[in-house]
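*Asks:* here is my input; please provide its structure:
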Amino acid sequence: MFSNVDPGARLDDVELFDHHCHGVVTNDLERDEFEALISESSRPATAGTTRFDSQVGFQIRAKCAPVLDLEPFATPEAYLARRRELGADEVNARLLRAANIRTLGIETGHAADTINTVDDMARLTGGTAHEIVRLERLAEQVAEAAHDSGTTAAELLEAIEAELDARLAHAVGVKSIAAYRIGLDFDAARPAHAEAVAAAGRMLQASAPLRLDDPVMIRHLIWLAIDRASVLQFHIGYGDDDVDLDRCNPLLLTKLLRASADTGARFALLHCYPFHREAGYLADVFPHVYFDVGLAVNYTGARSAAIVAESIELAPFGKILFSSDAFGAAELYYLGTELFRAGLAETLRRFHEVDGWPVDECRRVARMIGYDNAARLYGVDDREAGR
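*Replies:* Modelled structure (predicted):
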């Protein structure tokens, strides 16, 4: 596997289950549009600067440029010109196929009208894609449809529950963006029915489009998913400028994790940087907690191997997942896989060369993190029967 021991030194032959990702845009992009997709900020770059002058920008120029027939470190201008020359469909196809992802968990609740569908992503990647339902967006859509219809608050609660059940008939899990809307320091207790009815009433009175930030309703949605023994993905840590990072430490979920320990529900903590060590601790002490460092891998770029290594310090190897959290730009899929494979290979190489870990054991750990853990967590294995 490492150095001259094995030609598969970069883990290119290890299959990947990208358990948290999104669709890509289908239109050609102007420079400002592309730069917006390679940053977590909702604001333009500071005057006189460019998003290309960042870890992710340098990695795009270094690693994605050759996929588009350019030399490594092509200028941003040359890269974007080549992107326009090839067209969005060809760019997406090249980068997504090169990412070599077997299974995708596509979260469909963010900007769904601007990106590819779950089925589109399966076709483009050549893999298999499964839906992850965003709880807050589901409730918003049901409430928006109920406006001016005479629906009562109690009926809205029933409609939300029915829609969740209908979506879970096909989806493999749900996601909450409580970190963005209310922070993770919310009351872990299940809301009383009367509290939930009151929260539903407030949703019916709000004007569309809705942006659900009611702590009671968000807690109610989380407990609906727990009652259904779902996999619940939670945004943790680093994100866009709409998040209060000091309220995104996963340790704030400790009481909820204790309360849900025997329910059959499972928690997948997403991204986690700079709290990935805290997430590793939670995955160690709670059997129903898993985590990844997906978003951090792309945005730490040349330093991402250190983040991958730190994620393996404390957590059991059977609780660590892979994700790219790619959204919009297909480059983020390709970089997510390339940097993850390289970082994991570098970490395991060190364990082999310095600590004497057998090559077979290193490869077994790589398979667990790359695919096996997510397959077990979500109850989906697309390697079976050649799917």
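*Asks:* so who does Phe58 touch?
*Replies:* Contacts were defined as C-beta atoms under 8 Å, 6 or more residues apart in numbering; by that measure Phe58 touches Phe52, Phe73, Gly301, Ala302. C-beta coordinates here come from the backbone N, C-alpha and C atoms, glycine included.
*Asks:* quick check: the third one touching Val56?
*Replies:* So the one you mean is Gly301. Yes. With contact defined as C-beta atoms under 8 Å, Gly301 reaches Val56; the gap is 5.8 Å.
*Asks:* who has more neighbours out of those two?
*Replies:* Higher neighbour count among Gly301 and Val56: Val56, with 23 against 19, using other C-beta atoms under 10 Å.
*Asks:* surely that one is in contact with Leu37?
*Replies:* No. With the criterion set as C-beta under 8 Å, Val56 and Leu37 do not qualify as a contacting pair; they are 10.0 Å apart.
*Asks:* overlap in contacts of the two?
*Replies:* Leu332.
*Asks:* which residue lies farthest from the center of this protein?
*Replies:* When distances are taken from the C-alpha mean of the chain, Gly150 lies farthest, 37.2 Å away, according to C-alpha atoms, centre = their mean.
*Asks:* let me know the secondary structure of that one.
*Replies:* For Gly150, the secondary structure call by DSSP: H, G, I helix; E, B strand; the rest coil comes out as coil.
*Asks:* now it: how far from Phe58?
*Replies:* With distances defined as C-beta to C-beta, to the nearest Å, the gap from Gly150 to Phe58 amounts to 56 Å.
*Asks:* can you check Ala261 too?
*Replies:* When distances are taken as C-beta to C-beta, Ala261 and Phe58 turn out to be 43 Å apart.
*Asks:* for the residue farthest from the centre of the chain, give me the pLDDT.
*Replies:* Here, the pLDDT recorded for Gly150 equals 88.
*Asks:* would you list the phi and psi of it?
*Replies:* phi 80, psi 10 (degrees, to the nearest 10).
*Asks:* could we number from 17 for the rest of this?
*Replies:* In the new count, where the first residue is 17, that last one comes out as Gly166.
*Asks:* show me what contacts it?
*Replies:* Gly166 sits next to no residue when contact means C-beta under 8 Å, 6+ apart.
*Asks:* any idea how far Leu173 is from it?
*Replies:* Using C-beta to C-beta, which is the criterion applied here, Gly166 is 15 Å from Leu173.
*Asks:* and for Leu360?
*Replies:* With distances defined as C-beta to C-beta, the gap from Leu360 to Leu173 amounts to 44 Å.
*Asks:* looking at these two, which is more packed in?
*Replies:* Ranked by neighbour count (other C-beta under 10 Å), Leu360 and Leu173 place Leu360 first, with 26 against 22.
*Asks:* list the buried residues for the helix or strand harbouring Ala322?
*Replies:* Taking DSSP states H and E as the definition, one finds Ala322 inside helix 320-327. By neighbour count, with 16 or more other C-beta atoms under 10 Å as the criterion, the buried positions of helix 320-327 are Ser320, Ala321, Ile323, Val324, Ala325, Glu326, Ser327.
*Asks:* can you put the contacts of Phe74 in TSV and add secondary structure, pLDDT and distance to Asn116?
*Replies:* TSV is the format used below for the contacts of Phe74 (DSSP: H, G, I helix; E, B strand; the rest coil; pLDDT from 0 to 100; distance: C-beta to C-beta, whole Å):
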residue	secondary structure	pLDDT	distance to Asn116
Phe68	coil	97	25
Phe89	coil	98	23
Gly317	helix	95	20
Ala318	helix	96	21
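*Asks:* give me the buried subset of the residues you listed.
*Replies:* For the contacts of Phe74, a burial check counting by 16+ other C-beta under 10 Å picks out Phe68, Gly317.
*Asks:* name the SS class of the residue nearest to Gly310 when sequence neighbours are not counted, please.
*Replies:* Leaving aside its sequence neighbours, Gly310 sits nearest to Ser339 (C-beta to C-beta, 6 or more residues apart in numbering; 3.3 Å). Each residue gets one of three states, and Ser339 gets coil by three-state DSSP.
*Asks:* try Arg218
*Replies:* Per three-state DSSP, the secondary structure class of Arg218 is helix.
*Asks:* just give the closest residue to it, not the sequence neighbours.
*Replies:* The shortest distance from Arg218 to any residue other than its chain neighbours is 6.0 Å, reached at Asp230 (C-beta to C-beta, 6+ apart).
*Asks:* I figured that neighbour hits Ala214, correct?
*Replies:* No. Applying C-beta under 8 Å as the test, Asp230 and Ala214 come out as separate, 9.4 Å apart.
*Asks:* neighbour count: these two, which is higher?
*Replies:* For Asp230 versus Ala214, neighbours defined as other C-beta under 10 Å are more numerous around Asp230 (21 against 15).
*Asks:* for that one, what are its contacts?
*Replies:* Contacts of Asp230 were listed using C-beta under 8 Å, 6+ apart, and they are Ala215, Arg218, Met219.
*Asks:* can you report how many residues lie near the second one?
*Replies:* Pointing back at Arg218 there. Using other C-beta under 10 Å as the criterion, Arg218 is surrounded by 14 other residues.
*Asks:* what helices or strands is the helix ranked longest in the chain leaning on?
*Replies:* For the chain, the helix reaching the highest residue count under DSSP state H is reported as helix 346-371. With contacts defined as 3 or more C-beta pairs under 8 Å, 6 or more residues apart in numbering; DSSP states H and E, helix 346-371 has these neighbours: strand 33-37, helix 71-75, helix 104-115, helix 310-316, helix 320-327, helix 375-383.
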